[in-house]
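Peer 1: Sharing a sequence plus its predicted fold:
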Amino acid sequence: MLEELKARVLRANLELVEHGLVLFTWGNVSAFEKRRGYVVIKPSGVPYEKLTAEDMVVVDLMGNVVEGRLRPSSDTPTHIEFYKAFPELGGVTHTHSTYATAWAQAGRSIPFYGTTHADYFYGDIPCARVLTHEEIAGDYEKNTGLAAIEKFREGGLDPLAVPGVLARSHGVFAFGKDAEESVYHATVIEEVAKMAYLTEQLNPTVVRADRAILEKHYLRKHGKNAYYGQK
Ligand SMILES: [Zn+2]
């Protein structure tokens, strides 16, 4: 079932290693098959160099394994909450990439400081709130997703215009219209996180770049009047 999508999800997971976003078995990528409502995700705890397409696990939106001989990633309930809340998503990537995770651990959203950020994110990259003890003791992975979703609802954020979020004290969840795009956004988040960190080192009193720059850079690449790139 979903052989082609499994092969794509495998490749997307391997890209995390190629882009230097994961160590060991940290991190995972999933894709959502909208027609049947199935999620294809990396199995739990298998080293990247040993992963095959057949190892990818198919689960439904209740978290039941539909196909696969291995257990799905332990973060699967977080991915599922994102697909349930944001049906426009076709891919989710989770990493503990260094700079972005440093912002998550500091409990800070990544402020918009320049055009690299604005080319992909229409505003700050949000950091979700701390989980309560009940949320940690309960369905922890599911609650990790719900706290992130809450941040998007509160801010009226569109997960395709702000395609990623920092899970507080944890790491990154990046979004895309497919698995490949979510990996791309996870890579951009790490780079932007690094630039923002260095920006604050060089100028501790720096403020966000002009809103007009955000509008210009985001909207020339996205939206109905986009003109960046080839037709
Ligand atoms: Zn994690």
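Peer 2: In hand now; what should we look at? Not measured: the values here are computed from a predicted model. Numbers count the residues shown, from 1 in each chain.

Peer 1: List every C-alpha atom in the helix or strand harbouring Leu198, with coordinates, as PDB.
Peer 2: In this structure, Leu198 is located in helix 179-202 according to DSSP states H and E. The C-alpha trace of helix 179-202 is given here as PDB (Å, rounded to 0.1, in the frame of the first residue of the first chain):
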ATOM      1  CA  ALA A 179       7.000  15.700   2.900                       C
ATOM      2  CA  GLU A 180       9.800  17.100   0.700                       C
ATOM      3  CA  GLU A 181       8.600  20.700   1.300                       C
ATOM      4  CA  SER A 182       8.500  20.100   5.100                       C
ATOM      5  CA  VAL A 183      12.100  19.000   5.100                       C
ATOM      6  CA  TYR A 184      13.000  22.100   3.000                       C
ATOM      7  CA  HIS A 185      11.300  24.300   5.600                       C
ATOM      8  CA  ALA A 186      13.000  22.500   8.500                       C
ATOM      9  CA  THR A 187      16.300  23.300   6.800                       C
ATOM     10  CA  VAL A 188      15.400  27.000   6.300                       C
ATOM     11  CA  ILE A 189      14.300  27.200  10.000                       C
ATOM     12  CA  GLU A 190      17.700  26.000  11.200                       C
ATOM     13  CA  GLU A 191      19.500  28.500   8.900                       C
ATOM     14  CA  VAL A 192      17.200  31.400  10.000                       C
ATOM     15  CA  ALA A 193      17.600  30.400  13.600                       C
ATOM     16  CA  LYS A 194      21.400  30.500  13.300                       C
ATOM     17  CA  MET A 195      21.300  33.900  11.500                       C
ATOM     18  CA  ALA A 196      18.900  35.300  14.200                       C
ATOM     19  CA  TYR A 197      21.200  34.100  17.000                       C
ATOM     20  CA  LEU A 198      24.300  35.700  15.400                       C
ATOM     21  CA  THR A 199      22.300  38.900  14.700                       C
ATOM     22  CA  GLU A 200      21.500  39.200  18.400                       C
ATOM     23  CA  GLN A 201      25.200  38.500  19.300                       C
ATOM     24  CA  LEU A 202      26.300  41.300  17.100                       C
END
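
Peer 1: I'd like to check which residues are in contact with the most centrally placed residue in the chain.
Peer 2: In the chain, the residue lying closest to the centroid (C-alpha atoms, centre = their mean) is Ala174, at 1.2 Å. By C-beta atoms under 8 Å, 6 or more residues apart in numbering, the contact set of Ala174 is Val92, Thr93, His94, Thr95, Pro163, Gly164, Ser182, Val183, His185, Ala186, Ile189. In short, each C-beta sits where N, CA and C put it, glycine included.

Peer 1: if we go to 10 Å?
Peer 2: Taking C-beta atoms under 10 Å, 6 or more residues apart in numbering as the criterion, Ala174 is in contact with 21, 29, 91-95, 97, 100, 125, 159, 163-165, 181-190.

Peer 1: sec struct for it, please.
Peer 2: The local conformation at Ala174, judged by DSSP: H, G, I helix; E, B strand; the rest coil, is strand.

Peer 1: and it, bridged to which residues?
Peer 2: Following DSSP bridges, Ala174 is listed with bridge partners Thr93, Gly164.
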